[in-house]
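Engineer: okay, structure incoming, though there's no sequence with it:
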């Protein structure tokens, strides 16, 4: 049915630290975890319902069950831990395996029938016997009631004991073991809501320095905060912002400059930000302009008006680094996604759709043309399908394996070449229909 | 000669087996409460099984039961700490190690901590040989485990085995501890840092200098703030172990660095541990190093740090060496304190307000009048109620030195303002200080200035305030006596019995409940009882059943003739009331007062 289809739409994708597991969350509040088999394929490992729809009676607001973000915790023990969040509540889940079962009751047999009491002459201690592997997901913590607005990001600190949750106006710091209080570390809420000029769109901790966090806003700026300096990080340590040429300013300038995703590079040296039309790489040591700017779909610059009318202009595209920070990836429309090689400056557009993605097939590059078609395979801007968008993507932390969520389909592509091969000929490894 | 207890139990017949069989079966019941219940009675199960079967069957089962809920695992970890006798005494205590080892690796911190606590406890029951043969290998296994959970647990076990093992094993233990201090994961380094002080205490002094100091220095400059801040506490413990002449070279550079750390959380920790630090380093270093460090903390750019330091002002000053105490306070500390009084952050001001009065006993009358009094007066006028409350709640310190009269002119407006604060919790807090203030200000001042406040609270619109106000009256009467009560309070309280608001009429009854005991038989019988009896015809049922409850309460104060002649008929009438609650309480009163 249609509803079922909507609740299946994938809303977040995330690899764990080793890349052995991949988690997706969907609009229906479900989390699906895939495990990589020895031969390389990702298969479903566990599925569980993380969030349920709720109703806030005080504010008369429906709270959707949609999973906004998933973040894996660094490995603790043989079990796996992940944080999931919807608009209001963050939960910590444990996914563990069990392969033993207790056997032997005193008062009943294994089928549960009561035994004749007179036959019981000695006590029996249960013994554990092997059984088929069972994967269980259990909620360990529920971090609720700390956000007045919608949570857009969660990020685990490198100290492995704290994490942040960010909503439109505030960022809170939590201890993973403590659910009844959190500390507000950033608060953008003006005294008078009419003075509101920007909202937080995304926030992330630095991968190695426990005291650094970055957050971006709807005005196109990204701020770096040093938690060492103050308990409240309202004053930023650095502000990354590119001056806009006043002559090019238009009604849409601010909307398209709103940052929809920010990611620290694995090295911790760079920041990757995505706005509506570009992805930018920033050096933490240079605040006034990005090191690199890549056009994702510049041909849309003339179509902003209709994109505004269809609300597409507010789509929040995510971005990702590859394991060595040499390639970046981000999504676009028409089920296209883009990759940029930072060294060679080569870029490629690829398509994730059921029609072109046959198992083990090699993806062919796509080209969008503005004017007349030069090649038969070229696609005209006017024929792009703006309902098919790739918002959520993830890159394996070490290998050239990428996960692409397109509506309710998850595509996993793998580099066919050796690890040093080019990224632009990925091969479809699996496309499990959900 | 070991007895097989289970066979004995069996011989007694099924009846004695049954409850134990239920307990064992419920170890794996689906209901977590039943499992928890069984685990809490694990000693009963073990006793029934006998030591042999406990060792060979029960413990192996428990070792693998680590999938359970945290609360069950926590209870299990706790039980096993006192299980030695149930497995056959110290000779067999090492049988408890496997289940505790698996509990020491679970992800839940409270469970791990409890398992470590139990392991520490049973380590004492190991013979020196068993310690080396069984316990130390377990510690080593945990210390080199794949998961950080087991390595963090190992950190807490080194100090209990170290004193009782051979020098070769000691060297190995030191090596393992060193390794964990430079572990890849911050969780393990934090665990090591938090146990560093404890481990240092059991080491020989030479090893403290050669092993612990480099570890301390390294942890104190760790890249993770959360590790560095734990090193502060370790530094304090280490400082207490070293002779005075080594402190400067071995510990002070690191501690100085911590007090100036870039991260406010580390500086906060230094401020928070300042009194311990002061004791550990002694008077000389205090004078040369800690005084300037303390000044800096009081002026820190982060309010959390200033508040933590402000909290320590009194204790720090108290523990300064006597010969130079006054000079140091007057020239170095007081100027900082003066600035804090007008700090921009209310937590800082209220932290200071909670200790500043204590300085008056240290500085004496003249300095208090000249330097501290102006500060108290400023704080009494602070915009934040908590600051004012903290000053008022510590008035007794000043009273001893200069007498409270010096303050009374400023005190009164502050009290009145708090008494009328819009937040009922603030009003509640000031009510609680009323008896103390009354005692210090004296009955005359009280009657003149504060009595009307106390009466006004009785008709506050918040019940908690009215309730506190009645309790306050009782405490005042305890202080000023029954005669005072009869002249000032009782008439006003009884006057409220005619109020048109039934809540106020009930307040009269609640006051009488509280006051009858302290006012005594005469006042109760002569003045209060007639009013209560009259209220038994009140049109509001809530008032009537409170009359019954009130009579039950004051009954013991009255003599038997009053009870029989006046109370009994009224209660009997109430017992036939149409309202079932009134009936209920009237009957209860009749039975409690034995009037039936």
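Structural biologist: On my side now, so go ahead. This structure is a prediction, so every number in the text was calculated from the model and none was measured.

Engineer: what about the nearest residue to residue B:83 once chain neighbours are set aside, how many residues close to it?
Structural biologist: Spatial nearest neighbour of residue B:83, excluding adjacent residues (Cβ to Cβ, 6 or more residues apart in numbering or on different chains): residue B:96 at 5.6 Å. From N, CA and C alone the C-beta is placed, and that goes for glycine too. Number of residues near residue B:96 (other Cβ atoms under 10 Å in any protein chain shown) recorded here: 27.

Engineer: so residue B:342 makes contact with residue B:379?
Structural biologist: No - using Cβ atoms under 8 Å, residue B:342 is not in contact with residue B:379; the gap is 9.5 Å.

Engineer: which neighbours do the two share?
Structural biologist: Any residue near both residue B:342 and residue B:379 by Cβ atoms under 8 Å, 6 or more residues apart in numbering or on different chains counts here, and that gives residue B:349.

Engineer: okay, the two: which has more neighbours?
Structural biologist: Taking other Cβ under 10 Å, residue B:342 and residue B:379 do not tie; residue B:379 has more neighbours (24 against 11).

Engineer: that one in helix, strand or coil?
Structural biologist: helix (DSSP: H, G, I helix; E, B strand; the rest coil).

Engineer: got it, and residue B:247?
Structural biologist: helix.

Engineer: might one say that it is in contact with residue B:240?
Structural biologist: No - applying Cβ under 8 Å as the test, residue B:247 and residue B:240 come out as separate, 9.9 Å apart.

Engineer: common neighbours of these two, please.
Structural biologist: Contacts common to residue B:247 and residue B:240, judged by Cβ under 8 Å, 6+ apart, are absent.

Engineer: how about the residues of the stretch 301-450 of chain B by chain A?
Structural biologist: The stretch 301-450 of chain B comes close to chain A at residues B:301-304, as judged by Cβ under 8 Å from any Cβ of the partner chain.

Engineer: swap in 7 Å and give it another go.
Structural biologist: B:302, B:304 (Cβ under 7 Å from any Cβ of the partner chain).

Engineer: below-threshold pLDDT in the stretch 301-450 of chain B: ranges please.
Structural biologist: In the predicted model, the stretch 301-450 of chain B carries no residue with pLDDT under 70.

Engineer: for the stretch 51-200 of chain A, which residue gets nearest to chain B?
Structural biologist: residue A:106 (3.6 Å; Cβ to the nearest Cβ).

Engineer: okay, now the nearest residue to that residue once chain neighbours are set aside: neighbour count?
Structural biologist: Counting by Cβ to Cβ, 6+ apart, residue B:21 is the residue found nearest to residue A:106 once chain neighbours are left out, at 3.6 Å. Neighbours of residue B:21 under the rule other Cβ under 10 Å: 22.

Engineer: for residue B:21, report the pLDDT, please.
Structural biologist: Each residue has a pLDDT score; the one for residue B:21 is 89.

Engineer: quick check, it in contact with residue A:123.
Structural biologist: Yes - taking contacts as Cβ atoms under 7 Å, residue B:21 lies within contact range of residue A:123: 6.1 Å.

Engineer: so what's in contact with the two at the same time?
Structural biologist: residue A:106 (Cβ atoms under 7 Å, 6 or more residues apart in numbering or on different chains).

Engineer: remind me which helix or strand the residue nearest to residue A:106 belongs to.
Structural biologist: helix B:14-26 (DSSP states H and E).

Engineer: and for whichever residue of the stretch 201-350 of chain B sits closest to chain A, nearest residue in space, chain neighbours not counted?
Structural biologist: Residue nearest to chain A within the stretch 201-350 of chain B (Cβ to the nearest Cβ): residue B:263, separated by 3.7 Å. Once flanking residues are discounted, residue B:263 sits nearest to residue A:228: 3.7 Å by Cβ to Cβ, 6+ apart.

Engineer: would you say that neighbour is within a helix?
Structural biologist: No - Residue A:228 is assigned coil when assessed by three-state DSSP, not a helix.

Engineer: next, count neighbours for it.
Structural biologist: 20.

Engineer: now residue A:28
Structural biologist: Neighbour number of residue A:28 under other Cβ under 10 Å is 22.

Engineer: spit out the contact partners of the closest residue to it other than its chain neighbours.
Structural biologist: Once flanking residues are discounted, residue A:28 sits nearest to residue A:7: 3.1 Å by Cβ to Cβ, 6+ apart. Residues near residue A:7 by Cβ under 7 Å, 6+ apart: A:26-28.

Engineer: give me that answer again for 10 Å
Structural biologist: By Cβ atoms under 10 Å, 6 or more residues apart in numbering or on different chains, residue A:7 lies in contact with A:1, A:26-30, A:53, A:65-66, A:408.

Engineer: out of the residues you listed, which are inside strands?
Structural biologist: Of those, the ones assigned to strands by DSSP state E are A:26, A:30.

Engineer: how about whichever residue of the stretch 301-434 of chain A sits closest to chain B, secondary structure?
Structural biologist: Going by Cβ to the nearest Cβ, chain B is nearest to residue A:397 of the stretch 301-434 of chain A, at 16.2 Å. The local conformation at residue A:397, judged by three-state DSSP, is coil.

Engineer: how close does it get to residue B:188?
Structural biologist: Distance, residue A:397 to residue B:188, by Cβ to Cβ, to the nearest Å: 22 Å.

Engineer: so between the two, which is more surrounded?
Structural biologist: Per other Cβ under 10 Å, whichever of residue A:397 and residue B:188 has more neighbours is residue B:188, with 27 against 16.
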